[in-house]
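Engineer: need a 3D model of the sequence below.
(chains A and B)
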Protein chains: 2
Amino acid sequence: MTDHPKAAPRFDILGIGNAIVDVVAAVEERFLSKHDMRKGSMALIDDATAEALYRAMPPAQESSGGSAANTCAVAAALGAKVAYLGKVADDTLGTVFAHDIGAAGVHFPSTRLIGGAPTARCLILVTPDGERTMNTFLGACVTLGEADVDTALVADAAVTYLEGYLFDPPAAQAAFRLAAETAHRAGRWVALSLSDPFCVDRHRAAFRDLVRGHVDILFANEAELCSLYEQEDFMVAAEAARRDVALAALTRSEAGSVVVQGGETVQIAAEPTSVVDTTGAGDAYAAGFLAGLTAGRSLAACGRIGSIAAAEIISHFGARPQTDLKRLVAGVAD
Amino acid sequence: MTDHPKAAPRFDILGIGNAIVDVVAAVEERFLSKHDMRKGSMALIDDATAEALYRAMPPAQESSGGSAANTCAVAAALGAKVAYLGKVADDTLGTVFAHDIGAAGVHFPSTRLIGGAPTARCLILVTPDGERTMNTFLGACVTLGEADVDTALVADAAVTYLEGYLFDPPAAQAAFRLAAETAHRAGRWVALSLSDPFCVDRHRAAFRDLVRGHVDILFANEAELCSLYEQEDFMVAAEAARRDVALAALTRSEAGSVVVQGGETVQIAAEPTSVVDTTGAGDAYAAGFLAGLTAGRSLAACGRIGSIAAAEIISHFGARPQTDLKRLVAGVAD
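Structural biologist: Numbers count the residues shown, from 1 in each chain, chains lettered A, B, ... in the order given. Prediction:
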C-alpha cells in the first residue's frame, strides 16, 4: 500500500461493479438439473435464455443486487461513507436499482444508458439448502467503460473496491484498470473481490497480473483463491496471496475467515446463524471488513464485523441487510 | 345460493381484482407520521404522490400482489383450480405480475393495457410490529371494465371471488356487477371480500346493496364488518351478515374466525405463529376457506385451512406462500 501524504478522502469506499437487479425464487434441486445449471455458480446468459428461464421460474421477488453494490449497501448500513459506480438503463428496473442504492445511503452519480440494452438482471435460484445458483443477463452493464470512471471520485475514496465480475463485460476491464491506476496515483487503496471461482477460471491470467500489480486488498473465498493459484490446499494458496498483496481476507464459510498481512495471520470464527439464502455472504463480509478498516479498527475487529454482517445477510432472503447492523456490531472490540 | 342443475365447472375459483405489484419496505413508526399515513390502512395515491413517496422510501423489494390475486395464488398452492382477471400494462411490472401469477399455477387470460397508464403499484410500509400501511397507485387498474369480464370464464368457475377494492376504480364497479350477474345466471356462487374498513367507508351504500342482492359468501374482518353495518359490536354485525348472505366467514386476527351459515355458527381458533408482516393475511384466509369449500369440506375444516394459510403468510415478508401449503393442511379433519 502507498503511504505518501494525502488529504482525508470524502468517501471511505467507492464500489465499482455490474449494476444488477436480482430476481430471486425458491426451487427444488431438480430445477437445476433440468436446466443444466452448476449449483452455486454464476452463469452468463443472453437475452433469449434469460426470457426462457424467467418463464420457467416459479414466482419471484425482485430487489437490487450486484456484488459490489451489495457491499456498498452493507458498508453504508455500518456507517461508512460510500459511493458506487455502475451502469443501469433508463427503464423500470434501472429506477428500482437507483432508488434502492440511494435509499441505502450510497452516493450513486452514474448516468443511465439511454436507448440501449435494458438494466441487467440476475435470475437467482435458491435451493432448500440455502445455496444460490445465478444466471446473469448483463444488459446495460456491458457498456460500462473508461468514460464511466469518475476519476475525481476515485481519488476521493480511501478504498476503491472492484468486483471480479467486472472482468466479464470486455469494456469494464479497461474501466477496472483505469480506476486502479487513478486510485494509486492519488495514494488510495485498491481492493478486489474475486467474486466466483468460475469467473476466475474465465480470466485467470488477467486476474493474476492484476492481483500482483494493482491490488492492495484481496477478498476471496476458498474456491476462488484455490482457482486463482491453481492449488488444492487452502493454506498453500493463502501463502501465495500473502506474497502478492498487502492484505488478504480469505473466507471459508462456516470455518470462518483468515486474514494475512505481511508476517501476520489472524483467524476469525464464523458467526453462528441459520442459513436461509447465502446470496451476498461474501459481499457482506467485504463490506464489514472495509468499514472496519477505513475506521481504523484492528484486523481481528475488521474480520469480526465482516462475519457478523455476513451472518445477518444469510439469515434471510436477499443480499441487503434487514436489521440494524450498527447495533449488531456495537460490541466488537479491537 | 342457487341450487339448480349445472355442469361441473372447469375452475374452482375465479378471482377478479386490481392487479398490483407490491413494493415493500421496512420503516420505523415515525415514517408514517411524517408522511401523514393512517397505520394499517390503504390509501389511494396519484402518480406524483407515488413518485415522491417512492423517493422517500428505504430500499424495497418488489413482488406481485393485489388482494384477489394473492387469494388466487394461495388457493392454487392448496390445489384448487384457479383463474384470475385483472388489468396490467405492457411494461416491466406487468411482465413481473403476469409471470408470477402464471408461475403460481393460476390461469391469467387478461389482455394487457397498451399505451396507457403503467402497471399499478402498492407502496407498502411495514412497521416493526408487522403492521402494513399501504399506498396504492391504481395505474392500469382503472381501465378494468365490463369488456374485461370474460363471461364464459365466470360461468365456468364454481365461485367468482371479487375484492372490495374493485369499488375504487369507477369502471370496475360495472365489471363487478356484470361478473356477479353472470355467475348467478350460470348457477355459480359469488364471493366478496370487503378488503379494508376505509374502502367500506368510501362505498358503504353500494356495498350494502351488493351484499344483500348479489353476494353468497362474504369475507370480512371485524373492522370491515362493523364499518359495513355501522355497528360497534362484532356479534351484532355478524347477525346482520347472517341475514344478508348465505355464508359469512368473519376473521378476528388472533381471536380466530367465526363462520355463520343460516342457523349454524362455527368458531375457529387462530393458528399460533410469530408475526413478521400481516400483508395478505385476509387474502390467504379466504383462499384456504374457498379451496376447502369447493373441495366439499366442512365449514370447520374450511376455516381451519384458511387459518393455517393465513399463519404461513404472516410468518414472513410478502403475501404469497413460501412453504408447501398442501403439506401444512394435510392433517385437517372435517
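
Engineer: now the strands for the stretch 151-300 of chain A?
Structural biologist: Along the stretch 151-300 of chain A, counting by DSSP state E, counting those that start in this stretch, strands occupy A:157-163, A:189-193, A:217-221, A:247-251, A:257-261, A:264-268.

Engineer: what sits against the closest residue to A:Leu250 other than its chain neighbours?
Structural biologist: Excluding the flanking residues, the one nearest A:Leu250 by C-beta to C-beta, 6 or more residues apart in numbering or on different chains is A:Val258, at 4.9 Å. (Glycine included, C-beta is placed from N, CA and C.) Contact analysis of A:Val258 by C-beta atoms under 8 Å, 6 or more residues apart in numbering or on different chains lists A:238, A:249-250, A:252, A:265-268.

Engineer: most neighbours, which of these?
Structural biologist: A:Ala249 (28 neighbours; other C-beta atoms under 10 Å in any protein chain shown).

Engineer: tell me the pLDDT of it.
Structural biologist: For A:Ala249, the pLDDT comes out at 98.

Engineer: and for A:Ala270?
Structural biologist: Value for A:Ala270, per-residue pLDDT: 90.

Engineer: got the residues of the stretch 201-334 of chain A near chain B?
Structural biologist: A:318, A:320, A:322 (C-beta under 8 Å from any C-beta of the partner chain).

Engineer: which of the residues you listed fall in strands?
Structural biologist: Counting by DSSP state E, no part of these is found in strands.

Engineer: now, which of those sits nearest chain B?
Structural biologist: For these, the closest approach to chain B (C-beta to the nearest C-beta) belongs to A:Arg320, at 5.8 Å.

Engineer: what's near enough to touch the closest one?
Structural biologist: Applying C-beta under 8 Å, 6+ apart, the residues contacting A:Arg320 are A:63-64, A:70, A:73-74, A:100, A:104, A:280, A:313, B:59.

Engineer: A:Lys87 contacts A:Ile114, correct?
Structural biologist: No: assessed by C-beta atoms under 8 Å, A:Lys87 is found out of contact with A:Ile114, at 11.2 Å.

Engineer: how close does the residue nearest to A:His214 when sequence neighbours are not counted sit to A:Val215?
Structural biologist: Nearest residue to A:His214 in three dimensions, chain neighbours excluded: A:Ala180, at 4.2 Å (C-beta to C-beta, 6+ apart). Distance of A:Ala180 to A:Val215, computed by C-beta to C-beta, to the nearest Å: 8 Å.

Engineer: likewise for A:Leu113?
Structural biologist: 28 Å.

Engineer: need phi/psi at A:Ala295.
Structural biologist: For A:Ala295, the backbone dihedrals are phi -90, psi 10 (criterion: degrees, to the nearest 10).

Engineer: how many neighbours does A:Arg30 have?
Structural biologist: With other C-beta under 10 Å as criterion, A:Arg30 counts 9.

Engineer: where's it, which helix or strand?
Structural biologist: Element membership of A:Arg30, judged by DSSP states H and E, is helix A:29-34.

Engineer: need the residues that contact that helix.
Structural biologist: Against helix A:29-34 from outside (C-beta under 8 Å, 6+ apart): A:39, A:56, A:125, A:127-128, A:133.

Engineer: any idea of the mean pLDDT for it?
Structural biologist: Rounded mean pLDDT across helix A:29-34 is 95.

Engineer: could you point out which element follows that helix?
Structural biologist: With DSSP H and E, the next secondary element past helix A:29-34 is strand A:42-44.

Engineer: what's the first helix or strand after that next one?
Structural biologist: Using DSSP H and E, the first helix or strand after strand A:42-44 is helix A:47-56.

Engineer: what are the buried residues along the next helix or strand after that following helix?
Structural biologist: Next helix or strand after helix A:47-56 toward the C-terminus (DSSP H and E): strand A:61-65. Residues of strand A:61-65 classed as buried: A:61-65 (neighbour count, 16 or more other C-beta atoms under 10 Å in any protein chain shown).
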